[in-house]
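Peer 1: fold the following for me, if possible:
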Amino acid sequence: MAFEPGPYVPYPVSEDRSGSPPPGFDPTRPFNPFTGVELIVSGLRRTSLTSAAENLTEIIENLRDDGTIIPNLQIVSPSNVHQLDFVFVSLTGELRENLRPDILENTRVILENIDGLEARWKIATGKFDKTRQIYFEASDDVNPIVLKTNIDDMLRTHGHEVQASYIPRDTQRIFYHLVNRESVESLIATPYVIDGRSYVPHYSRFIQPTFGLEIVINGVGDFPEARSIIDAYLERKYRDDSDEPVVRSSRTELDGSVYCAVLRNPAITSRFLNEPFQIFSESSFSPSPPTYLYVLNSKGRSITAFDNNRPPPTSIPQAPPFQQQLVNLVAQNVANSSTLAHVVQEQLHILQTTFQNTQEAIALAFSHALTAYSLGNRLTASQSELASLQAQLSTTYMLLVVGAAPNAQQTAQLGIRIEGLNAQINDVHERKARLEHQLDSMITPSAPAAESFSNTSSA
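Peer 2: Numbering: from 1, shown residues only. Predicted structure coming up:
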């Protein structure tokens with residue numbers, strides 16, 4: 001009898017089904033899934049690839065034996081290549097799908113109180129502890145492998161213990177993951193000088209989370225009272241019959257440019273991130289849409305030491321060419337006095353020429369400096385005026401948000417006031433932009449002078 005395939009038979013329905021989707025989930029709209037509910041626990045034993053995870057497992061078992069209640073945890077060793085002193089810790093099972101950052105925070109506090117351990121909320125994606133990660137960048141004319149050997153020796157000499165180091169394929173970057181966070185601060189404060197070049201370590205710019213699912217709004221630095229306005233907005237929009245505060249904690253970070261907040265529960269957090277946020281829609285600036293702090297940190301940029309008011313790295317001046325020539329002539333035992341005299345005359349001519357160029361460059365630079373000083377004063381005045389207008393606008397917005405106007409007429413007057421302030425702010429922005437353009441145009445012509453001065457220094 002011939003085989004007949006018959007109709008398609010689906011795979012049997014599994015009894016192990018997924019739970020309910022996160023609160024506020026709508027498959028027809030963009031959605032911000034929960035992320036970043038994970039700890040990083042450091043200070044563990046690092047004698048093998050798995051020793052840190054084994055060490056933490058032993059600690060947790062001892063705590064349970066002593067009567068401490070700790071939920072089931074997923075402990076992950078981040079590397080199968082390097083022996084590291086930290087692991088990533090998260091909840092398992094149903095508590096992983098229906099996130100409970102409050103339970104993980106209780107676990108964090110318990111582990112933090114153990115001598116030698118440090119338990120923090122993980123700041124971003126990745127397999128390393130970015131709070132102890134730096135990298136050096138070699139220029140195209142420098143072999144990164146040779147440079148790494150020199151840096152390795154200097155780190156050992158100065159007592160900076162390294163957990164892992166490597167050079168990513170096809171790059172000039174040399175990464176180091178250090179044991180002590182103090183080593184990062186020390187290296188940033190005192191760059192290494194190798195073969196006449198100063199190497200300043202790069203490090204990640206981040207904000208340390210205080211709790212899981214912490215939210216951020218980036219780009220509020222131009223609004224002096226952004227924190228109080230957003231706090232009031234959140235309380236007014238999401239407070240329910242329980243009368244519990246919606247904003248459990250808030251702050252601004254990175255010189256006031258980033259608003260951070262921990263909201264009452266994941267459901268409110270999800271609603272806030274997935275609903276339109278238009279409180280500043282009529283203002284003259286537009287901050288980034290709200291997101292998780294974990295996501296913002298994961299997209300963070302790398303900064304160098306001179307981003308924190310430190311001077312940029314510079315190369316140490318090389319020996320003047322004519323001195324090197326004289327050294328070579330002596331080393332080669334050149335006996336021809338006429339040739340030596342010719343070389344000396346050429347160097348004297350170079351010195352005379354560069355001295356004259358230096359005088360001209362200094363005079364030109366002084367002229368530009370005076371003009372730039374005047375423009376700078378006017379720019380500072382514009383910035384002060386802009387700050388004053390923004391403060392007035394912030395206060396007016398606060399009155400409008402909290403409903404301070406008793407009637408529709410006064411509310412309309414507040415709206416007119418906001419429009420007027422926005423217009424003035426735009427005018428000051430344009431004036432400030434013109435001054436900045438004039439200042440830039442003054443700086444650009446000085447480049448040849450700076451080049452001439454640099455050539456003089458190397459002559």
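Peer 1: who touches Pro289 in this structure?
Peer 2: Contact partners of Pro289, counting by Cβ atoms under 8 Å, 6 or more residues apart in numbering, are Ile217, Phe277. The C-beta positions use only the backbone N, C-alpha and C, and glycine is treated the same way.
Peer 1: what about the helices in this structure?
Peer 2: Counting by DSSP state H, the chain forms helices over residues 51-65, 94-97, 101-112, 144-157, 181-189, 226-238, 266-274, 293-298, 321-331, 337-401, 408-443, 447-458, given from the N-terminal end onward.
Peer 1: what's the angle from the fifth one to helix 144-157?
Peer 2: Meaning helix 181-189. Taking axes from the mean of the first three to the mean of the last three Cα atoms, to 10 degrees, one finds helix 181-189 and helix 144-157 inclined to each other by 120 degrees.
Peer 1: how about helix 181-189: buried residues?
Peer 2: For helix 181-189, the neighbour count (16 or more other Cβ atoms under 10 Å) marks Ser183, Val184, Leu187, Ile188 as buried.
Peer 1: and what of stretch 38-46?
Peer 2: For stretch 38-46, a neighbour-count test (16+ other Cβ under 10 Å) marks Glu38, Leu39, Ile40, Val41, Ser42, Gly43, Leu44, Arg46 as buried.
Peer 1: for the third one, which residues are in contact?
Peer 2: By Cβ under 8 Å, 6+ apart, the contact list for Ile40 reads Phe86, Val87, Phe88, Val89, Ala119, Arg120, Trp121, Lys122, Asp129.
Peer 1: in this structure Gln383 contacts Lys432, no?
Peer 2: Yes. With contact defined as Cβ atoms under 8 Å, Gln383 and Lys432 form a contacting pair (6.7 Å).
Peer 1: if we can go back for a sec, which among the contacts of Ile40 gets closest to Ile230?
Peer 2: Using Cβ to Cβ, Trp121 is the member of these that lies nearest Ile230, at 21.4 Å.
Peer 1: check the gap between the nearest residue to the closest one once chain neighbours are set aside and Ile103 for me.
Peer 2: Using Cβ to Cβ, 6 or more residues apart in numbering and skipping the chain neighbours, the partner closest in space to Trp121 is Pro209 (4.0 Å). To Ile103, Pro209 is 16 Å away according to Cβ to Cβ, to the nearest Å.
Peer 1: okay, these two: which has more neighbours?
Peer 2: Pro209 (23 against 15; other Cβ atoms under 10 Å).
Peer 1: contact partners for the more buried one?
Peer 2: Gly36, Trp121, Lys122, Ile123, Leu293, Tyr294, Asn297.
Peer 1: state the number of residues packed around the residue nearest to Ser286 when sequence neighbours are not counted.
Peer 2: Distance criterion Cβ to Cβ, 6+ apart; nearest residue to Ser286, sequence neighbours excluded, is Phe280 at 6.5 Å. Applying other Cβ under 10 Å, we find 19 other residues in the vicinity of Phe280.
Peer 1: in contact with Phe280, which residues?
Peer 2: With the criterion set at Cβ under 8 Å, 6+ apart, Phe280 makes contact with Phe223, Ser286, Pro287, Tyr397.
Peer 1: and what of Ser250?
Peer 2: Neighbours of Ser250 in contact, by Cβ under 8 Å, 6+ apart: Arg227, Ile230, Asp231, Tyr259, Cys260, Ala261, Val262.
Peer 1: any chance of JSON lines for those residues, columns distance to Tyr203 and pLDDT?
Peer 2: Putting the contacts of Ser250 into JSON lines (distance: Cβ to Cβ, whole Å; pLDDT from 0 to 100) gives the following:
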{"residue": "Arg227", "distance to Tyr203": "27", "pLDDT": "91"}
{"residue": "Ile230", "distance to Tyr203": "29", "pLDDT": "92"}
{"residue": "Asp231", "distance to Tyr203": "31", "pLDDT": "93"}
{"residue": "Tyr259", "distance to Tyr203": "23", "pLDDT": "94"}
{"residue": "Cys260", "distance to Tyr203": "20", "pLDDT": "95"}
{"residue": "Ala261", "distance to Tyr203": "26", "pLDDT": "94"}
{"residue": "Val262", "distance to Tyr203": "26", "pLDDT": "94"}
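Peer 1: show me how to select, in PyMOL, the buried members of the residues you listed.
Peer 2: Here the buried members of the contacts of Ser250 are turned into a PyMOL selection, burial being counted by 16+ other Cβ under 10 Å:
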select buried, resi 227+230+231+259+260+261+262
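Peer 1: which of the contacts of Ser250 sits closest to Leu439?
Peer 2: Closest to Leu439 out of those is Tyr259 (30.9 Å), distances taken as Cβ to Cβ.
Peer 1: my guess is that closest one contacts Ile230, does it?
Peer 2: Yes. Using Cβ under 8 Å, Tyr259 is in contact with Ile230, at 5.7 Å.
Peer 1: mutual contacts of the two, please.
Peer 2: Counting by Cβ under 8 Å, 6+ apart, the common neighbours of Tyr259 and Ile230 are Ile217, Val220, Ser250.
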